[in-house]
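Asker: Got a sequence here, can you build the structure:
(2 chains)
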There are 2 protein chains.
Amino acid sequence: MIHNERSEAQREASLEKLKKALADDDFAALVEQLRAMHPAEIGRVLESLAPKERLAIWQAVEPTVKGEVLLETYEEVRDQLIQSTRVGDLVIAVSQLQLDELVDLSEKLPKPVLKAVIRAMDGQRRQRFQAMSVYPEDTAGGLMDADALSVRADVTLYVVQRYLRHYRRRRGSLPEHTDVLMVVDRDNRYLGLLPLTDILTLKPSVIVGQVMDRRIEAIPAHTSERRVARFFEDRDLVSAPVIDDQGYLIGRITVDDVIDVIREEGEHSVMRRAGLDEHVDLFAPVFPSAMRRAVWLGVNLFNAFIAASVIGLFDAAIEQLVALAVLMPVVASMGGVAGVQSLTLVTRAIALGQLDRGNARRLLFKELSVSLVNGLLWAVVVALVSGLWFNDFHLALIFAIALIINLLNGAMVGTLIPLLLNRLGIDPALAGGVMLVAATDVIGFFAFLGLASFFLL
Amino acid sequence: MIHNERSEAQREASLEKLKKALADDDFAALVEQLRAMHPAEIGRVLESLAPKERLAIWQAVEPTVKGEVLLETYEEVRDQLIQSTRVGDLVIAVSQLQLDELVDLSEKLPKPVLKAVIRAMDGQRRQRFQAMSVYPEDTAGGLMDADALSVRADVTLYVVQRYLRHYRRRRGSLPEHTDVLMVVDRDNRYLGLLPLTDILTLKPSVIVGQVMDRRIEAIPAHTSERRVARFFEDRDLVSAPVIDDQGYLIGRITVDDVIDVIREEGEHSVMRRAGLDEHVDLFAPVFPSAMRRAVWLGVNLFNAFIAASVIGLFDAAIEQLVALAVLMPVVASMGGVAGVQSLTLVTRAIALGQLDRGNARRLLFKELSVSLVNGLLWAVVVALVSGLWFNDFHLALIFAIALIINLLNGAMVGTLIPLLLNRLGIDPALAGGVMLVAATDVIGFFAFLGLASFFLL
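Answerer: The predicted model follows:
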C-alpha cells in the first residue's frame, strides 16, 4: 500500500476529472469531485488554473466550504474569488470560519457581507470579534482566536471535567487544538496552564491551582508574529495564551497559525529577493504582472546605467585596449557573487537575532578574510587564463588585483548593507541585493578600468 | 508589563552577564546564568560566539541540558561541540533525548558514546531505536518517534482512561504532544484516532471503535518530509500516526518536528541560492569557509569567462564603437533580473506542486508576455537615455532591440530551467540562478554586440 504515490495519482486523477467535468459542462460531476477534496487542495488547484477555469470551478465549490478555501489561497487569487462570489454565498462562506480567520479576511470582504455576518453574531462573539479587530494582523493579537477555554485556579479537576462535558454537549466539540486550558483568577488575569493530560490522569479531587503549569508565560497581544513563532518553536507549544497590557487573558494562539507564519516568512524572503510579492498569483493577467515587475526592473536599470557611466569614464582606455571590455564583466560579477554570499549569511544571522555590536565587527573581519583567501586563490587562476588569452602580463596582473579588490568590496558591502538596512528598519531581503550589485558593479569596473588606465596606458 | 521588550532586554542582560562571567573566569556565575536559560536560547547564543568563547561557555552547560542544546544548533557548530565534549558527558547528554532526536544525532556521535547509550536502553527502547534508524532522515520514518500511545478499538473509554493513569504513574508523564491516541487492531494495524478530548468529554462506557476518527490516514514511513509537512499543514494536525508498508503502526510524528522541517525548507532555499549550506556556522574558521565558498565562485568564474569570450568575439566592433562596451552590461543585467523573477516564481510553483505539463506551456507564454510588455516599456527609456548620451540614433535602436530580446530570453530560460532541473531531480534553488545568469549574460552580449556589428559597422 504505497500511500504517497497512490494519493499523488489520486490527486492527478481528481484534477483530470475536474477538468473533464469542466469541459463537458457537467456541473453535477464537478460538485461531486470537489466534495471529495480538502479545502487546502481545492485552494492549490484554483491557484494553478487560469482565471477563467478558476472561476468556473469556484462556482461549483459548496458555499459552506468556500470560506476555508479562501483562507488557503494567495491574496491575489483570493481577492478575485471574493469579487466573483455573490453576497449571500459569501455570508454563508465566512460565517463558518473561526473568529481569527474571519478577522484576517474581514478587510477584504465587501462591506455588506461583513455587516451581515457581524449582525448575525451573538453578543459575546461580536464583542470578541471587535476586540480582536483592534490588533494589527502581524501581531499576537492579530493571530489569536478568542476561543480560549479558561478555568479558575480554585476549582477541582472534577469540576473542570464537568465543565468540558457541558461545553461539548452545548457546542458539539471543544475548540480545535485545545491541549491546555488557561487558568485565570477571578478578574480573568492569566495565571498558568492546565494540560488536558493532567485532567485525564490526575485524581478528580485535585485543585487546579496545585497542578497548573506556571512555566509558560503568556504572550502580550502586541508581540510581533515572528517573535510568536520563535516562542512556539523554542518551547514546542501547541497553543499559548495571549494577554493584553494589563495581563488579562484575551485569547490564544494555536500552532497551525504559527506554521502559517513560518511558511510565509520563508516564502517572503525568497520572493522579496527577486522583487516579487509572496501573495502574487502565478497566473495573474499579463498587464498587472508586468507593471508590478516593472518597478524592480526600473530600479535595476537605474543601477545598471550608473555602472555604465563608470565604464564611460574610461572609454579612451577601452578604445586603446579592448581586452579591458572583455574582462571587466568578470571582475564585476565575481564581486557580486562573493557579496551575495556574505549578504545571505548576515541577513539570516540578523533574522535569528545573532548579531549585535559586539560580534558585528568580528563578523566583518571574518568575511573580509574569507574573501581575501578566495581572492588570492582565484587571482592566480584569472591571471593565468587572461595572461595566456591576451598574452599580456601586465594586464593579467591588473586583472588579478582588481578581482581581489572587488571580492573584498563584496564581503564588506555584503556584511554592512544588511546591518545598515536592519538599523534603518528596511527589509534586507528586498533592498539588499539591488544595493549590493550596484556597489560591486561600480567598484568592480572602477577598480579594474582605473588601475588599467593608470598603470597600463 | 511589556513582556517583549523586557525579555529582549533580559536576553541582552543575560548575554552580558555570560560574557562578564567568562571574562572574570567565574565558572559558578556562568553555570548559574546558563541554568536560567532555555536550551534553544543557549543554542542561539553559542552560534553567535567565536569558537573559543563558545567552547568556554559550552563547558559550563549542564550535561543533562547539553543534548537539547545540541539539537538546537546548526550542524557545523554541533559537530564542533560534540568533538569537544567528554564521552561520559555526551552519554549523559544524549540519554535524556527522545528516540527520534537521538536517531537524528546518532550519525554524528562518536561510536563509543552511541554504543554506551544503546547498551543502557531497555529491550523495548532498543528495539524501537533500531527500527527507527532504518529510515532516511528526510522521510516520515526518520521524523517519527516510537512513543505513540495506542489502544484497541474494542475497549471502553473507561479502560483507556485507566490505562493513561497507569502509564503516567509509571512514567511520570504522557509523551509530549499527545493530543490523540492511535487506535489499532489486535495485530497493531492502524485503524483510526481517538482524541483526548473525546476521552474527557464522552461517557466512559462508550467503545473506542464507535467514536474513533477514521478520517486521518496514517503516513507511510517512506513519505518525504516535505510531503509530511504539507499533510500536517493541510489538516492542522498536532500528531499523526506512521505506518510501515504492511500498515502496521510503527510511530508518530509531532508538529514540532514538522515546524523544524518547514523552517529548514525556507532557510534551505534562501541559502542555496547563494551557494551556501544552511547548516553553516556564522563564525566558522576562515580557511574552511573560504574553501566551501570557493567552489561556488569557481563555477561563477567559469560562466563569467564564457560570457567574456562572447565579448571577445566582437573586439573589433568594440574598438570601433566604444559605446558598445559601455552599454553591454546593461543589456546583460536586465535580462538577468527579469530571468530571476520568472525563475523564483516558477521554482515556488514547482515546490507547491502547481505545475504540470498542462499549464507549464501557458505559464511560459504568460512569462514571455510579461517580459515583452516590460521590454517595450524599458526599451523606450533606454533608447532615449542612450540616444541623448551618445547622440547616435542607430545605436539607441540596436540597444533597445537587444534589451527586448534579452528580457524575453530571461523569461524563457527563467521558466524552462527550473522545469528542466526538476525533471532531472536537481534542486533548482542551487543550480538555477547560476545557469540563468550564464544564459542571460551570453545571450545579452551576443544579441547586442552581434546586432551592432551587423547593422552599425
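Asker: thinking A:Arg293 is in contact with B:Gln341, fair?
Answerer: Yes. Using C-beta atoms under 8 Å as the test, A:Arg293 is close enough to B:Gln341 to be in contact (5.6 Å). For glycine as for every other residue, the C-beta is placed from the backbone atoms N, C-alpha and C.
Asker: Could you check how far A:Leu81 is from chain B?
Answerer: Here the criterion is C-beta to the nearest C-beta, to the nearest Å. By it, A:Leu81 lies 16 Å from chain B.
Asker: host element of that residue?
Answerer: Using DSSP states H and E, A:Leu81 maps to helix A:75-83.
Asker: May I see the buried residues of that helix?
Answerer: By 16 or more other C-beta atoms under 10 Å in any protein chain shown, the buried positions in helix A:75-83 come out as A:76-78, A:80-82.
Asker: which one of these is nearest chain B?
Answerer: A:Val77 (11.1 Å; C-beta to the nearest C-beta).
Asker: element containing the nearest residue to that closest one once chain neighbours are set aside?
Answerer: Spatially, and ignoring its direct neighbours in sequence, A:Val77 is nearest to A:Asp281 (4.9 Å; C-beta to C-beta, 6 or more residues apart in numbering or on different chains). Remark: A:Asp281 resides in no helix or strand, with elements defined by DSSP H and E.
Asker: which other residues reach stretch A:412-427?
Answerer: For stretch A:412-427, contacts defined as C-beta atoms under 8 Å, 6 or more residues apart in numbering or on different chains pick out A:272, A:338-343, A:346-347, A:350, A:355, A:360, A:363-364, A:367-368, A:428, A:431-432, A:435-436, A:439-440.
Asker: next one: that stretch to chain centre, how far?
Answerer: Here stretch A:412-427 is found 19 Å from its chain centre; the criterion is C-alpha atoms, centre = their mean, to the nearest Å.
Asker: Can you point out the buried residues in that stretch?
Answerer: By 16+ other C-beta under 10 Å, the buried positions in stretch A:412-427 come out as A:412-419, A:421-422.
Asker: State the mean pLDDT of it.
Answerer: The average pLDDT within stretch A:412-427 is 92.
Asker: Quickly check: the helix or strand harbouring A:Met334 near chain B or not.
Answerer: Counting by DSSP H and E, the element that carries A:Met334 is helix A:323-351. Yes. Applying C-beta under 8 Å from any C-beta of the partner chain, one finds helix A:323-351 touching chain B at A:323-330, A:332-334, A:337-338, A:340-341, A:343-345, A:348-349.
Asker: quick one: that helix to helix B:323-351, angle?
Answerer: Helix A:323-351 runs at 40 degrees relative to helix B:323-351, counting by axes from the mean of the first three to the mean of the last three C-alpha atoms, to 10 degrees.
Asker: what helices or strands is the helix or strand just after helix A:323-351 leaning on?
Answerer: Per DSSP H and E, the first helix or strand lying C-terminal to helix A:323-351 is helix A:357-390. Helices and strands touching helix A:357-390, by 3 or more C-beta pairs under 8 Å, 6 or more residues apart in numbering or on different chains; DSSP states H and E, are helix A:323-351, helix A:393-424, helix B:286-313.
Asker: Quickly list the domain ranges of chain A.
Answerer: A:3-138, A:150-273, A:286-456 (automatic domain parsing).
Asker: Buried deepest among those domains, which one?
Answerer: Burial of these is given as mean neighbour count (mean count of other C-beta atoms under 10 Å in any protein chain shown); domain A:286-456 ranks first at a mean of 21.
Asker: End to end on that domain, go ahead and measure it.
Answerer: Across domain A:286-456, the terminal residues are separated by 50 Å (C-alpha to C-alpha, to the nearest Å).
Asker: can you list the buried residues of helix A:75-83 in a markdown table and add distance to B:Leu194 and pLDDT?
Answerer: Formatted as a markdown table, the buried residues of helix A:75-83 follow (distance: C-beta to C-beta, whole Å; pLDDT from 0 to 100):
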| residue | distance to B:Leu194 | pLDDT |
| --- | --- | --- |
| A:Glu76 | 41 | 84 |
| A:Val77 | 37 | 88 |
| A:Arg78 | 36 | 90 |
| A:Gln80 | 41 | 89 |
| A:Leu81 | 37 | 91 |
| A:Ile82 | 38 | 91 |
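Asker: wait, which of these is closest to A:Val211?
Answerer: Proximity of those to A:Val211 (C-beta to C-beta) peaks at A:Arg78, which lies at 43.9 Å.
Asker: wait, doesn't that closest one sit right on A:Lys66?
Answerer: No. With contact defined as C-beta under 8 Å, A:Arg78 does not reach A:Lys66; the gap is 10.8 Å.
Asker: residues in the stretch 101-250 of chain A within reach of chain B, list them.
Answerer: Residues of the stretch 101-250 of chain A found near chain B (C-beta under 8 Å from any C-beta) are A:161, A:164-165, A:167-168, A:173-174, A:176-179, A:196-197, A:199-201, A:217-220, A:222-224, A:227, A:232-236, A:238, A:245, A:247.
Asker: now do 7 Å
Answerer: With C-beta under 7 Å from any C-beta of the partner chain as the criterion, the stretch 101-250 of chain A comes near chain B at residues A:161, A:164-165, A:168, A:174, A:176-179, A:196-197, A:199-201, A:217, A:220, A:223, A:227, A:233-234, A:236, A:238, A:247.
Asker: measure A:Arg272 to A:Thr347 for me?
Answerer: 10 Å (C-beta to C-beta, to the nearest Å).
Asker: Need the residues touching each of the two.
Answerer: Listed as contacting both A:Arg272 and A:Thr347 by C-beta atoms under 7 Å, 6 or more residues apart in numbering or on different chains are A:Ala429.
Asker: hmm, back to that, just so I know, which of the helices and strands packed on helix A:357-390 lies nearest A:Arg119?
Answerer: Nearest to A:Arg119, of all the helices and strands packed on helix A:357-390, is helix A:323-351, at 42.8 Å by C-beta to C-beta.
Asker: packing partners for that closest one?
Answerer: Here helix A:323-351 touches helix A:315-320, helix A:357-390, helix A:393-424, helix A:428-456, helix B:255-273, helix B:286-313, going by 3 or more C-beta pairs under 7 Å, 6 or more residues apart in numbering or on different chains; DSSP states H and E.
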